[in-house]
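pasted the sequence and its predicted model underneath.
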Amino acid sequence: MSSNQTLKTTLAGFHLGSCLMNASGVHCTDENELSGLLNANVGALVTKSCTLESRTGNPLPRYANIPNGSINSMGLPNHGLAYYLEFIEKSQYLHNKIAILSIAGLSKKENLELLKNADKADSIKLIELNLSCPNIPGKPQTGYDFEASEKLLAEAFEISTKSVGVKLPPYFDMVHFESMATVLKKFPVAYVCCVNSIGNALWINVENESVVIKPKNGFGGLGGMYIKPTALANVRMFYSLLDGVDIVGCGGIQNGQDAFEHILCGASMVQIGTTLWQEGPACFDRISNELSTIMQQKGYATIDEFKGKLKSMN
C-alpha cells in the first residue's frame, strides 16, 4: 500500500490521508471486512448501516453484478449497533483512519435510540445517518419526505453531541434539491453524502427470462456506471446550495477519472461501492494512482486546487 500526500483531505474537521473510502454496505459488514479497510489505501471507513439489533436482511440472491454496474436489495443485513461500537472502540484511529458509524433505523424512534446509544461511546467521533435505504419492503426512504426528514434531524441534533453527516437518496428535480437543502441548512450537519443507489431498478436475464435478484420481485437499488451522471448532479447541486458543508460523492466511481469528476463537482471525499464489491480493497490503490496521475498531468498538487471548480459555459 502506498501513501499519496496529494490526496489528503478534510472531512467534518478531521484531517485524512486520502479522499477515498468505502460506501456503507460494501465490504464493511463484519470485523474481517472492516479490518481489511483499515489496511487499505483509504482515508476513512464507514460501517454497514446498522439497526439496534442484528438483521439477516432480505432473502438470497439479493445482489447481482450487471454489465458496468450492480443491482441489490440487501435489506440492511447487519450485526447490530453493539457489534460496530465494539469494533470502532478497538480500532479507532488505527493507521490514522477514522471509522464512521452508519446508522439506519427502521423508524424515527429507532434512529433516535441508535443516536442515544452511540452518543455514550467515547470512541465514536463521526456518524453517518442514512436517510436513503431503498430496499426495505414496506419502508419508504426518509430522504424523500422533507417534513419527516426535518423532524428526525431536529430531534437527532438535540440528542447527539457527535458530528453527524447524512446520506441522501438521489434527487432528480430542482425543487427537491432546494427543499432538502432548506432542511439541511437548519442543522449543523457535518457532511452530506450524495448519493445512495437509485431505488427500484429492474435488471433482466434474457436467457432465462427472469429477474436477477429474489427480493421485491427483482426490484433493487442500481449502482455503478449508470448512476454516475445522477450522482455528479447531486454533488454539484448540494455543493452549490450548502455553503461550507463538506460533500461526499458516491456513485459510479470505477476509476481515477470518475473520482476526479466527483471532486471537480465539489466532493471532499468519494465513496466507492460497486467497484469495491467487484475488485476488493485493492481497487483503492489503483484508483488512487489513476487520480494522482490525472492531477499530475493537470498540474494540481492537492485536491483543494480543483475541488468544486467545475466550469459552466458562458
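Perfect, thanks for sending it.

quick one, helices of this protein?
31-38, 81-91, 108-119, 146-159, 174-184, 228-241, 256-265, 274-279, 283-298 (DSSP state H).

which among those is found nearest to residue 73?
Among the helices of the chain, helix 274-279 comes nearest to residue 73, with 14.3 Å by CB to CB. Just so you know, the C-beta spots here come from the backbone N, C-alpha and C atoms, and that holds for glycine as well.

name the residues that touch the closest one?
Residues from elsewhere that reach helix 274-279 (CB atoms under 8 Å, 6 or more residues apart in numbering): 22-23, 26-27, 63, 65, 69-70, 223-224, 252-254, 283-284, 286-287.

which among those end up buried?
22-23, 26-27, 63, 65, 69-70, 223-224, 252-254, 283-284, 287 (16 or more other CB atoms under 10 Å).

of the residues you listed, which belong to strands?
Residues of the buried ones among the contacts of helix 274-279 located in strands (DSSP state E): 22, 63, 65, 69, 70, 223, 224.

could I get the pLDDT score of the last one?
What that stands for is residue 224. Model confidence at residue 224, given as pLDDT, is 98.

got a list of what the closest residue in space to it that isn't next to it in sequence touches?
Leaving aside its chain neighbours, residue 224 sits nearest to residue 69 (2.5 Å; criterion: CB to CB, 6 or more residues apart in numbering). By CB under 8 Å, 6+ apart, the contact list for residue 69 reads 222, 223, 224, 225, 226, 227, 252, 274.

before we move on, what about residue 290?
Counting by CB under 8 Å, 6+ apart, residue 290 makes contact with 255, 256, 257, 259.

mind redoing it with 6 Å?
Residues in contact with residue 290 (CB atoms under 6 Å, 6 or more residues apart in numbering) are 255, 256.

ok, residue 256 next?
Residue 256 sits in contact with 287, 290, 291, 294, where contact means CB under 6 Å, 6+ apart.

verify the contact between the last one and residue 260 for me.
Going back to what we said before, that points to residue 294. Yes - the criterion here is CB atoms under 6 Å, and residue 294 meets it with residue 260 at 5.1 Å.

just want to know which of the two has more residues nearby.
Taking neighbours as other CB atoms under 10 Å, residue 294 and residue 260 compare with residue 260 leading, 22 against 17.

and the more buried one, how close does it get to residue 233?
Using CB to CB, to the nearest Å, residue 260 is found at 16 Å from residue 233.

so, low pLDDT: which residues of the stretch 51-200 of the chain?
Along the stretch 51-200 of the chain, the model assigns pLDDT under 70 to residues 92-94.

what about 80?
Per-residue confidence for the stretch 51-200 of the chain (pLDDT under 80) gives these ranges: 92-96, 134-139.

report pLDDT for residue 1.
36.

and the one 10 residues further on, by the same measure?
We note a pLDDT of 97 for residue 11 in this prediction.

hang on, it packs against residue 248?
No - between residue 11 and residue 248 there is no contact, the gap being 7.2 Å when judged by CB under 6 Å.

those two: which has the busier surroundings?
residue 248 (28 against 23).
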